[in-house]
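Q: no FASTA, just this:
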């Protein structure tokens with residue numbers, strides 16, 4: 001991040017903490033808090049939810065007990081419907097992936113960002129394209145060449161639904177490389193863990209998962225990453241992995257991750273969670289998690305998060321229309 005942008009972010013968070021403390025003091029959870037995850041244990045959404053839980057508890061930012069509750073299915077609709085069963089209750093929050101936008105664009109969900117309460121934006125997450133160590137596919141270019149010859153010759157494992165971040169990242173990259181993406185073969189699993197398991201078992205060719213999900217497997221030599229969806233190379237274990245753009249696909253894709261609550265939350269409830277999350281992102285624990293998981297920090301308030309979601313909704317709708325998945 002540029003120095004000016006970093007200073008602006010620090011000032012914004014400081015102002016939020018000072019301005020929000022009084023309003024946030026008007027409300028706090030009196031009962032156990034539920035963090036609702038739309039993926040099963042070990043899935044990307046679950047990992048983020050448990051990271052938030054751990055930081056908030058270790059830093060004593062929330063007095064009430066906190067639990068992570070998995071509500072898996074229908075691309076997130078089950079989780080968001082469960083959240084809205086508790087309308088106006090600030091004791092329920094959820095990690096929000098782009099599925100909240102995508103499922104609505106696809107017509108698979110009646111719920112989108114306007115039907116819940118956006119609380120904060122936390123970070124951007126990138127996608128890795130991984131194969132087993134002995135795979136004949138040695139690069140993203142190999143994948144593109146094989147697909148141009150036969151668009152159905154490579155199978156991709158994605159979670160947790162078509163139209164999700166893993167699916168869109170694949171479509172965007174390969175379409176920009178000249179592949180007929182309407183003929184690609186996808187196998188949908190309930191979590192990134194299942195995607196990786198099936199690739200390592202030889203059942204699927206390429207696992208498309210968040211970068212954080214493959215670190216241990218790459219380190220152990222079980223998997224190789226052919227490409228990442230970032231605009232520039234990542235560091236650490238992925239410093240030698242080229243981006244899609246370096247391999248002839250003029251594209252980059254990031255999945256924004258934030259926190260939402262049920263519809264009907266009060267200003268005091270929103271201010272409470274904004275204040276808590278602003279403290280989370282400034283903690284050394286969180287910054288270390290960003291580094292370890294290859295997440296790019298981007299904190300936004302509730303109002304700015306709502307604006308971002310509107311922009312993203314329009315962008316993703318354009319992409320999905322372009323590849324024939326939406327109208």
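A: The structure has been received and is ready for your questions. Bear in mind the structure is a predicted one, so any value in this text is a computation, not a measurement.
Q: mind listing the strands for the protein?
A: Here the chain has its strands, by DSSP state E, at 33-37, 66-70, 92-96, 117-125, 127-132, 155-159, 185-189, 206-210, 223-228, 255-261, 296-300.
Q: and residue 310, which of those is closest to it?
A: Of all those, strand 117-125 sits nearest to residue 310, with 9.8 Å by Cβ to Cβ. Just so you know, the C-beta spots here come from the backbone N, C-alpha and C atoms, and that holds for glycine as well.
Q: Return the set of buried residues in that closest one.
A: If you call a residue buried by 16 or more other Cβ atoms under 10 Å, then strand 117-125 has these buried ones: 117-123, 125.
Q: could the strands of the chain go into CSV alongside distance to residue 139 and mean pLDDT?
A: Conversion of the strands of the chain to CSV gives the following (distance: least, Cβ to Cβ, whole Å; pLDDT from 0 to 100):
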stretch, distance to residue 139, mean pLDDT
strand 33-37, 34, 97
strand 66-70, 36, 97
strand 92-96, 33, 96
strand 117-125, 23, 96
strand 127-132, 10, 98
strand 155-159, 16, 96
strand 185-189, 20, 95
strand 206-210, 12, 96
strand 223-228, 6, 98
strand 255-261, 23, 94
strand 296-300, 24, 94
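Q: out of those, deepest packed?
A: Sort the strands of the chain by mean neighbour count, taking mean count of other Cβ atoms under 10 Å, and strand 206-210 sits at the top with a mean of 28.
Q: what sits up against that strand?
A: By Cβ atoms under 8 Å, 6 or more residues apart in numbering, the residues outside strand 206-210 that reach it are 44, 125-131, 137, 143, 154-159, 165-167, 169-170, 192, 195-196, 198-199, 214, 223, 226, 255.
Q: Compute the inter-axis angle for that strand and strand 185-189.
A: 50 degrees (axes from the mean of the first three to the mean of the last three Cα atoms, to 10 degrees).
Q: partner strands of strand 206-210, parallel or antiparallel?
A: Sheet pairing for strand 206-210, assigned by DSSP bridges, gives strand 127-132 (antiparallel), strand 155-159 (parallel).
Q: Where does pLDDT dip in the stretch 51-200 of the chain?
A: Low-confidence segments of the stretch 51-200 of the chain (pLDDT under 70): none present.
Q: all helices of it, in order?
A: Remark: helices assigned in the stretch 51-200 of the chain by DSSP state H, counting those that start in this stretch are 77-84, 99-105, 140-149, 165-176, 192-200.
Q: now for these, which one comes closest to residue 320?
A: For residue 320, the closest of those is helix 99-105, at 5.6 Å, according to Cβ to Cβ.
Q: Which elements pack onto the closest one?
A: In terms of contacts (3 or more Cβ pairs under 8 Å, 6 or more residues apart in numbering; DSSP states H and E), helix 99-105 is packed against helix 165-176, helix 302-322.
Q: Mind doing that once more with 10 Å?
A: helix 77-84, helix 165-176, strand 255-261, helix 302-322 (3 or more Cβ pairs under 10 Å, 6 or more residues apart in numbering; DSSP states H and E).
Q: in terms of contact, does residue 246 touch residue 233 like I think?
A: Yes. Residue 246 is within contact range of residue 233, at 7.9 Å (criterion: Cβ atoms under 10 Å).
Q: I'd assumed residue 29 was in contact with residue 89.
A: Yes. In this structure, residue 89 is within contact of residue 29 by Cβ under 10 Å, at 9.1 Å.
Q: what touches both of these two?
A: residue 269 (Cβ atoms under 10 Å, 6 or more residues apart in numbering).
Q: ok, the two, which is more surrounded?
A: Of the pair residue 89 and residue 29, residue 29 is the one with more neighbours under other Cβ atoms under 10 Å, namely 21 against 18.
Q: Buried residues, stretch 261-272. List them.
A: Counting neighbours by 16+ other Cβ under 10 Å, stretch 261-272 gives 261-263, 265, 268-272 as buried.
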